[in-house]
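>>> test case, fold it:
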Amino acid sequence: MPAMQNDQHRDIMGVRVAAMSWSQALDELKRAIDGNGPQRIFNFLNANNANLAIRDPRYRQGLSKSEVLPDGVGVDIASRALYGSAFPANLNGTDFVPALLVHTERPLKVALIGARPDILARAVSEFKAATPWHDFIAVSDGYFDQADSSQVLSDLSACDPDITLIALGSPTQEIWIDSNIRQGHGRVVFGVGALFDFVSGAIPRAPRIMRNLRLEWVWRLVHEPSRLWRRYILGNPVFLFHLLRYKLSGAGRQNGLPA
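Just a heads-up that it's a prediction; the model follows:
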């Protein structure tokens, strides 16, 4: 995995997370898209994903072989506890990926994999409306047989995309990317979770004031309580427990990063 030009990272409970401003991250990604270097794979870490990484070695391996960006208030709390300051920016995929598409003026070929067929189609339509100079290709919905992904990978190779967005949810998407994605499947590849649901309008975004206050998780919990109550009501205290244990262990110092 090539190092970022800005080689500043923080160890968040065993996951190496890039610490960059919005402008640094956008410039880094633009260089990756325009350059002639190897394929770059990006994933995101939030509190729920940190909990998953602690108990799922296969998922943790997928994260370790990609470049991880910080997502949400949970990793900021961890960064403050371990390093004394929050991350320079909240680079959550729901905001960062659309911003990257706007920031990149050169027409790109963007492949999409994941979500329900209707949501995937609406996401393609919304992406095209927002950034019509890019070409968006729905390669597959998320209901293909992951035990035999040969047809999806063949269709993806035929697209020869600049960017590939994979929305299978965590930890499935990170494990699938690590097991299947290779050169020719996208110069830059993102595991984007629920991005297509948000872009399509299937899941409403929180009002901007709630996003600015870092309370979008509350909005999501109110709108999807049956699906998300375990993640937030149970998961947040579990995350804080793991964070406290990690800090007391001095593991960040053992991994060669300041704790």
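>>> now tell me which helix or strand of this protein has the poorest mean pLDDT.
Between all helices and strands in the chain, the lowest mean by mean pLDDT, DSSP states H and E belongs to helix 251-254, at a mean of 57.
>>> can you show me the helices along this structure?
Using DSSP state H, the helices found in the chain span residues 22-34, 47-55, 57-64, 73-83, 93-103, 117-130, 150-159, 172-180, 195-200, 208-212, 216-223, 225-229, 235-249, 251-254.
>>> which of those helices sits most buried?
Ranked by mean neighbour count, the helices of the chain are led by helix 195-200 with a mean of 23 (mean count of other Cβ atoms under 10 Å). All C-beta spots, glycine's among them, are computed from the backbone N, C-alpha and C.
>>> pLDDT of it, averaged?
The average pLDDT for helix 195-200 rounds to 96.
>>> summarise which helices and strands it is packed against.
Under the contact criterion of 3 or more Cβ pairs under 8 Å, 6 or more residues apart in numbering; DSSP states H and E, the helices and strands touching helix 195-200 comprise helix 93-103, helix 117-130, strand 163-167.
>>> any low-confidence regions in the stretch 1-150 of the chain?
Residue ranges of the stretch 1-150 of the chain with pLDDT under 70: 1-7.
>>> try the stretch 151-259 of the chain
Low-confidence segments of the stretch 151-259 of the chain, defined by pLDDT under 70: 251-259.
>>> tell me who's in contact with Ile41.
Under the criterion of Cβ atoms under 8 Å, 6 or more residues apart in numbering, the contact list for Ile41 reads Met1, Lys65, Ser66, Glu67, Ile177, Ile181, Val188, Val189, Phe190, Gly191.
>>> dig out what it forms beta bridges with.
With beta bridges defined as DSSP bridges, Ile41 has these partners: Val189.
>>> for Val218, which residues are in contact?
For Val218, the contact set (Cβ under 8 Å, 6+ apart) comprises Ala206, Met210.
>>> Ile12: which of the helices of the chain is closest?
Each of these was checked against Ile12 via Cβ to Cβ, and the shortest separation belongs to helix 73-83, namely 5.0 Å.
>>> and the closest one, what does it pack against?
Taking 3+ Cβ pairs under 8 Å, 6+ apart as the contact definition, the neighbouring helices and strands of helix 73-83 are strand 9-12, helix 47-55, helix 235-249.
>>> helix 47-55 and that one, what's the angle between them?
Using axes from the mean of the first three to the mean of the last three Cα atoms, to 10 degrees, the interaxial angle of helix 73-83 with respect to helix 47-55 works out to 60 degrees.
>>> where's Leu91 relative to Tyr232, distance?
Using Cβ to Cβ, to the nearest Å, one gets 21 Å for the distance from Leu91 to Tyr232.
>>> neighbour count winner among those two?
Comparing Leu91 with Tyr232 by other Cβ atoms under 10 Å, the one with more neighbours is Leu91, at 30 against 19.
>>> how many residues are close by the residue nearest to the more buried one when sequence neighbours are not counted?
Taking Cβ to Cβ, 6 or more residues apart in numbering as the measure, Leu91 lies nearest to Leu69, with 4.1 Å between them; neighbours along the chain are not counted. By the measure other Cβ under 10 Å, the count of residues near Leu69 is 25.
>>> dump the helices of the chain to CSV, plus distance to Val110.
Written out in CSV, the entries for these read as follows (distance: least, Cβ to Cβ, whole Å):
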stretch, distance to Val110
helix 22-34, 10
helix 47-55, 23
helix 57-64, 22
helix 73-83, 26
helix 93-103, 7
helix 117-130, 7
helix 150-159, 9
helix 172-180, 16
helix 195-200, 12
helix 208-212, 24
helix 216-223, 24
helix 225-229, 28
helix 235-249, 31
helix 251-254, 36
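>>> quick one: closest of the ones you listed to Ser140.
Within the helices of the chain, the stretch nearest Ser140 is helix 150-159; the backing value is 4.7 Å (Cβ to Cβ).
>>> how about the closest one as CSV, C-alpha atoms only?
Provided in CSV are the C-alpha atoms of helix 150-159 (Å, rounded to 0.1, in the frame of the first residue of the first chain):
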residue,chain,number,x,y,z
SER,A,150,-16.3,-13.5,-11.4
GLN,A,151,-19.1,-11.9,-13.5
VAL,A,152,-19.2,-8.7,-11.4
LEU,A,153,-15.4,-8.4,-11.5
SER,A,154,-15.4,-9.1,-15.3
ASP,A,155,-18.0,-6.3,-15.8
LEU,A,156,-15.9,-4.0,-13.6
SER,A,157,-12.7,-4.7,-15.5
ALA,A,158,-14.6,-3.9,-18.8
CYS,A,159,-15.5,-0.5,-17.4
